[in-house]
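In: take a look and give me a structure for this.
(2 chains)
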Amino acid sequence: MIASFNQEIPFEIKDFMSKLSLELNDIPKIERDQHLLEIQSHLIAIMNEKINEGIKKNQAIKETINEFVNIKDLAEQIKNTYKEKEKETYGQDILFKFFLGLPYIGLGQLALSIYNGEIFPPTSISGLTFIIIPTITLFFWNFNVSGKRLDFLKTNGLYLITIGMPVGAFAFIYKSIQIESLNFTSLITFAIYILIVLVLYLLNKTLFNHKKNSYF
Amino acid sequence: MAINYNQYMDKNDNWIKQLRKGIFELAILLILSKQDFYGYDLTNKLNTIPFFTMANGSIYPILKKLENNGYISSYWGSTEIIPRRKYYKITRKGEEVLKQRLEIHSNLHESLNILKKGCEDNDS
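Out: Below is the predicted model:
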């Protein structure tokens, strides 16, 4: 839901915003919230102006809503603008997702080392390369920020914790159960793996916050 | 006396729709070239001129389009002002586009006037 103001938002305006939010459901949440916050601010400004002119609050709210553009038309136009932009940046979005996805191949290769209980240098080097190169690229690539890309970054943080980390843990636990004891190499690799996931998570979070601040 | 353009404009006429759309963009760029504005204030400013009257809220898709094209950028105003305002400012690219389009508009207007004058001369 969108950020609330100190001023109490009348029910009719909240209702208008909820309906608009539903209509805008298929655009990224960050982008949607931006539109909603701005439009809500506009509605309140009209309402306040009417109240200052001496119109009673209830009447002012009613007139504000009536004078505002139709919800469906507004949502349609916003979505069209968004779709136009999406078409233009489609190729770059794919590349962006590709770079976000590459470290998972690296994590997979490191998880294999945990499972095998031994470090096989080519696999480990390849794994680390898949992790380090795309991460550095994303950090130094001055990509254009969009709501969609911010959403990708946010989801990526979630995936690192909910998928990346359990995969390593699963490989370690499975290995321990299989050999019915603790494999020292597997334990060390697992510890390094967790450390890498945490660093990736923190870097992703830093990038997200940095880009979000530059966007808003 | 101000002319009410909306009165005799056929809203279904696609040519008028497209013309208005283009001119709206130009008008917004022109206003923003003088000063940064937020959506509500910008709408009020446009609504003072009959040709540019628009329903509240209609400005946002146009602003978004201009922003997507890189002609304007936006920033959120101070948190001390409630409700918080999102301001728009023209970019260097926007200034260049504005200059170019105003020139084209002026040339078109001049050309049409020459044609119109020619027709009038023939009539007399």
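
In: where in the chain is pLDDT low?
Out: This is for chain A. For chain A, applying pLDDT under 70 flags the ranges A:1-7, A:214-216.

In: switch to chain B, please.
Out: Checking chain B against pLDDT under 70 turns up B:1-12, B:81, B:122-124.

In: and it, which of its residues are near chain A?
Out: Contact residues (C-beta under 8 Å from any C-beta of the partner chain) of chain B with chain A: B:38-40, B:43, B:55-58, B:60-61, B:64-65, B:68, B:76, B:82-86. Just so you know, the C-beta spots here come from the backbone N, C-alpha and C atoms, and that holds for glycine as well.

In: out of these, which are buried?
Out: B:38-40, B:43, B:56-58, B:60-61, B:64-65, B:68, B:83-86 (16 or more other C-beta atoms under 10 Å in any protein chain shown).

In: now do the helix or strand containing residue A:84: which elements does it pack against?
Out: Using DSSP states H and E, residue A:84 falls within helix A:71-116. In terms of contacts (3 or more C-beta pairs under 8 Å, 6 or more residues apart in numbering or on different chains; DSSP states H and E), helix A:71-116 is packed against helix A:11-23, helix A:29-52, helix A:121-140, helix A:147-159, helix A:165-179, helix A:184-215, helix B:59-68.

In: could the ones you listed go into a markdown table alongside distance to residue B:34?
Out: A markdown table is the format used below for these (distance: least, C-beta to C-beta, whole Å):
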| stretch | distance to residue B:34 |
| --- | --- |
| helix A:11-23 | 31 |
| helix A:29-52 | 21 |
| helix A:121-140 | 37 |
| helix A:147-159 | 29 |
| helix A:165-179 | 54 |
| helix A:184-215 | 26 |
| helix B:59-68 | 16 |
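
In: residue A:93: which of these is closest?
Out: For residue A:93, the closest of those is helix A:147-159, at 6.4 Å, according to C-beta to C-beta.

In: ok, residues contacting the closest one?
Out: Residues from elsewhere that reach helix A:147-159 (C-beta atoms under 8 Å, 6 or more residues apart in numbering or on different chains): A:27-32, A:34, A:86, A:89, A:93, A:96-97, A:100, A:104, A:143, A:201, A:204-205, A:207-208, A:211-212, A:215.

In: run the last query once more with 7 Å
Out: A:27-31, A:93, A:96-97, A:100, A:143, A:201, A:204-205, A:207-208, A:211-212, A:215 (C-beta atoms under 7 Å, 6 or more residues apart in numbering or on different chains).

In: show me which of those are buried.
Out: Buried, going by 16+ other C-beta under 10 Å: A:27-28, A:30-31, A:93, A:96, A:100, A:201, A:204, A:207-208, A:211, A:215, out of the contacts of helix A:147-159.

In: up against chain B, what does chain A have?
Out: Within reach of chain B by C-beta under 7 Å from any C-beta of the partner chain, chain A has these residues: A:5-7, A:35, A:38-42, A:44-46, A:67-69, A:74, A:77-78, A:81, A:85, A:216.

In: let's see 8 Å
Out: Residues of chain A lying near chain B (C-beta under 8 Å from any C-beta): A:5-7, A:34-35, A:37-46, A:64, A:67-69, A:74, A:77-78, A:80-82, A:84-85, A:88, A:216.

In: could I have the buried ones of those residues as PyMOL selection syntax?
Out: Of the residues of chain A next to chain B, the buried ones go into a single PyMOL selection, burial set by 16+ other C-beta under 10 Å:
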select buried, chain A and resi 34+35+37+38+39+40+41+42+43+44+45+46+64+68+69+74+77+78+81+82+85
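
In: need the strands for chain B, in chain order.
Out: B:37-38, B:72-76, B:86-90 (DSSP state E).

In: who does the shortest one touch, helix- and strand-wise?
Out: Meaning strand B:37-38. strand B:86-90.

In: what about residue B:29, how many residues nearby?
Out: Counted with other C-beta atoms under 10 Å in any protein chain shown, residues neighbouring residue B:29 total 21.
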